[in-house]
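In: this one's structure only:
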């Protein structure tokens, strides 16, 4: 999972799905002593100026665009290769980088426990699991490719190894007309979350997958479509969403499979998932595949969407998710395909 080319306005007024890449850029610049300010995932004029400063000092074309060449230099300077026993029995000077790596693994849903800066067997196990789930060589060594995936947010679903006789990722891709690469990456995690919250049955699976398909346009967690101005106009000051602080409208816009929106919902699901205030402190984590799957599964259970699916009351199922019937025609289309093919 390589980091994408990013430029001015990405994650700000356009290309919101690149905000994780922009945030990784800002974090890396700050780590190297280039003051990019708060890592907020918004590529504004300040970030552009710092990028040009970095490019100039490293004899790169100072165009403010962070492509593969600039990323390569950034990553090589900021993130050393890490392996078993680093920060622990050898290379003690790497302790802080190991701790950062462990924190990123935890954020991606690969639990290494309390980040202690010691690259032990437990950390190596989670590194390999993360690498497997992101299409990387599972050698347990954290090189540039693994760092890139970690910085991007680890959006690949972990290697859950969860299967069900109800459907395979390939079947889901066919039924719901979405890329098989996405279902192979994310569907096992969705199954695991449904099983965890005890809503895994054929009819609920059909309704949930149809929901993911029309809410995301495929089968992966996404940012709500729109920009900062749109989110501010729609959500700023909405007390019914818990948006009581300035900037909450844009900060807590929809993310994930089911597009949870508003400070109150981020707080609610952060606590329901046992994350404390993690989703409030860093709303981008709602795009993490593990958390996104658990949010939609818990959402279905809490709002009795699973009951509506099992009763085959599909209009009610759509209303419980959408608050109305927006997208009903497409939802009905995919439900009917699911009923006839699964």
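Out: Here it is on my side, so go on. The structure displayed is predicted, hence computed values, not measured ones.
In: So residue 188 belongs to a helix, correct?
Out: Yes - secondary structure assignment (DSSP: H, G, I helix; E, B strand; the rest coil) places residue 188 inside a helix.
In: where do the strands sit along the chain?
Out: With DSSP state E as the criterion, the chain has strands at 222-223, 255-256.
In: Give me whichever of those is most buried.
Out: The highest average neighbour count among those, using mean count of other CB atoms under 10 Å, belongs to strand 255-256 at a mean of 28. Placement of C-beta: from N, CA and C, glycine included.
In: what about residue 240, how many residues close to it?
Out: As a burial measure, residue 240 scores 8 neighbours (other CB atoms under 10 Å).
In: Check residue 93 too.
Out: Around residue 93 there are 10 other residues, counting by other CB under 10 Å.
In: same deal with residue 331?
Out: By the other CB under 10 Å criterion, the neighbourhood of residue 331 contains 23 residues.
In: And residue 56, by the same measure?
Out: Taking other CB under 10 Å as the criterion, the count of residues near residue 56 is 11.
In: Isn't it up against residue 62?
Out: Yes - with contact defined as CB atoms under 8 Å, residue 56 reaches residue 62; the gap is 4.6 Å.
In: Quick check: neighbours shared by those two?
Out: Counting by CB atoms under 8 Å, 6 or more residues apart in numbering, residue 56 and residue 62 have no contacts in common.
In: Outline the domain layout of the chain.
Out: According to automatic domain parsing, the chain comprises the domains 16-75, 92-152, 169-221+295-341, 222-287.
In: which one of the ones you listed has the lowest average pLDDT?
Out: Within the domains of the chain, confidence is poorest for domain 92-152, with a mean of 86 (mean pLDDT).
In: Now do the helices in the stretch 151-300 of the chain.
Out: Counting by DSSP state H, counting those that start in this stretch, the stretch 151-300 of the chain forms helices over residues 169-175, 180-196, 202-216, 228-235, 248-251, 263-272, 278-281, 289-302, given from the N-terminal end onward.
In: can I get these in TSV with mean neighbour count and distance to residue 68?
Out: TSV is the format used below for the helices of the stretch 151-300 of the chain (neighbours: other CB atoms under 10 Å; distance: least, CB to CB, whole Å):
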stretch	mean neighbour count	distance to residue 68
helix 169-175	19	29
helix 180-196	22	21
helix 202-216	24	27
helix 228-235	17	28
helix 248-251	22	30
helix 263-272	20	34
helix 278-281	20	31
helix 289-302	24	25
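In: Report the contact partners of residue 172.
Out: Here residue 172 is in contact with 178, 183, 187, 209, 219 (criterion: CB under 8 Å, 6+ apart).
In: From residue 298, how far off is it?
Out: Between residue 172 and residue 298 the distance is 20 Å, computed by CB to CB, to the nearest Å.
In: ok, residue 152 - how many residues close by?
Out: The local packing of residue 152 (other CB under 10 Å) involves 21 other residues.
In: Residue 30 too?
Out: Using other CB under 10 Å: residue 30 sits among 16 other residues.
In: Spatially nearest residue to it, not counting backbone neighbours?
Out: Using CB to CB, 6 or more residues apart in numbering and skipping residues adjacent in sequence, the residue nearest residue 30 is residue 36, 5.3 Å away.
In: measure the one you found to residue 42 for me?
Out: As for residue 36, its distance to residue 42 is 11 Å (criterion: CB to CB).
In: neighbour-wise, which of these two wins?
Out: Between residue 36 and residue 42, residue 36 has the larger neighbour count (other CB under 10 Å), namely 26 against 21.
In: Please name the residues that touch that one.
Out: Contacts for residue 36 were tallied using CB under 8 Å, 6+ apart; they are 25, 26, 29, 30, 46, 47, 50.
In: Distance to residue 328 for the residues you listed - can I get that in JSON lines?
Out: Supplementary listing: these in JSON lines, determined by distance: CB to CB, whole Å:
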{"residue": "25", "distance to residue 328": "40"}
{"residue": "26", "distance to residue 328": "40"}
{"residue": "29", "distance to residue 328": "45"}
{"residue": "30", "distance to residue 328": "46"}
{"residue": "46", "distance to residue 328": "43"}
{"residue": "47", "distance to residue 328": "41"}
{"residue": "50", "distance to residue 328": "46"}
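In: Among these, the buried ones, what's the ChimeraX command?
Out: Restricted to the buried members of these, where burial is judged by 16 or more other CB atoms under 10 Å, the ChimeraX selection command reads as follows:
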select :25,26,29,30,47,50
